[in-house]
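Asker: missing the sequence, but the structure's below:
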């Protein structure tokens, strides 16, 4: 199967933080970033408290994990998210290329970017964590996806 989707670019950089409240205050008050979104997301590993902060074209996903891992080094970058226009095609292509996803099923987070996102993590050749990421833009949704998203999270 050939590539039947488009890489749209990097969407965000995910950074694991010890205390979301302290990190959010630093990035918004000290660095002047705008708080774009904040919530808790249920993932296969547990409830993750997260917020997205933005300045210019940089979006950082600050993530407080269910349990702090003291082995993480200062400045640990958790992942880089790659946005695609067709999640299913991109996932099939990556699997065809031998990529293994961390979870059997992708996660849908209804509140992210207001219209929701779909994501799953996979690994690069050196074990680096990468994220396949699809934003559902209301004006670009197919009728199928509008119906699907209305069932999951009414728009």
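Answerer: Yep, it's here. Predicted, not measured: the structure shown is a model, and the values here were computed from it.

Asker: quick one, what contacts residue 91?
Answerer: 101, 106, 120, 132 (Cβ atoms under 8 Å, 6 or more residues apart in numbering). All C-beta atoms are positioned from the backbone trio N, CA, C, and that covers glycine.

Asker: regarding it, what is its secondary structure?
Answerer: Secondary structure, DSSP: H, G, I helix; E, B strand; the rest coil: residue 91 is helix.

Asker: got it, and the one 3 residues further on?
Answerer: Three-state call for residue 94 (three-state DSSP): helix.

Asker: can you count the residues close to the closest residue to it other than its chain neighbours?
Answerer: Excluding its sequence neighbours, the residue lying closest to residue 94 (Cβ to Cβ, 6 or more residues apart in numbering) is residue 122, at 6.1 Å. The tally of other residues near residue 122 (other Cβ atoms under 10 Å) stands at 20.

Asker: tell me which element residue 122 falls in.
Answerer: Taking DSSP states H and E as the criterion, residue 122 maps to strand 117-123.

Asker: rewinding a little: tell me the one of the contacts of residue 91 nearest residue 30?
Answerer: The closest of the contacts of residue 91 to residue 30 turns out to be residue 132 (Cβ to Cβ; 31.8 Å).

Asker: which residues touch the closest one?
Answerer: 81-82, 84, 87, 90-91, 94, 101, 106, 119-122.

Asker: how near is the residue lying closest to residue 8 once chain neighbours are set aside to residue 23?
Answerer: Spatial nearest neighbour of residue 8, excluding adjacent residues (Cβ to Cβ, 6+ apart): residue 83 at 4.3 Å. Using Cβ to Cβ, to the nearest Å, residue 83 is found at 23 Å from residue 23.

Asker: so, low pLDDT: which residues of the chain?
Answerer: 1, 74-75, 126, 138-155 (pLDDT under 70).

Asker: how does it look with 80?
Answerer: Residues of the chain meeting the criterion pLDDT under 80: 1-2, 45, 66-76, 111, 113-114, 125-126, 137-155.

Asker: wasn't residue 48 part of a strand?
Answerer: Yes: judged by three-state DSSP, residue 48 forms part of a strand.
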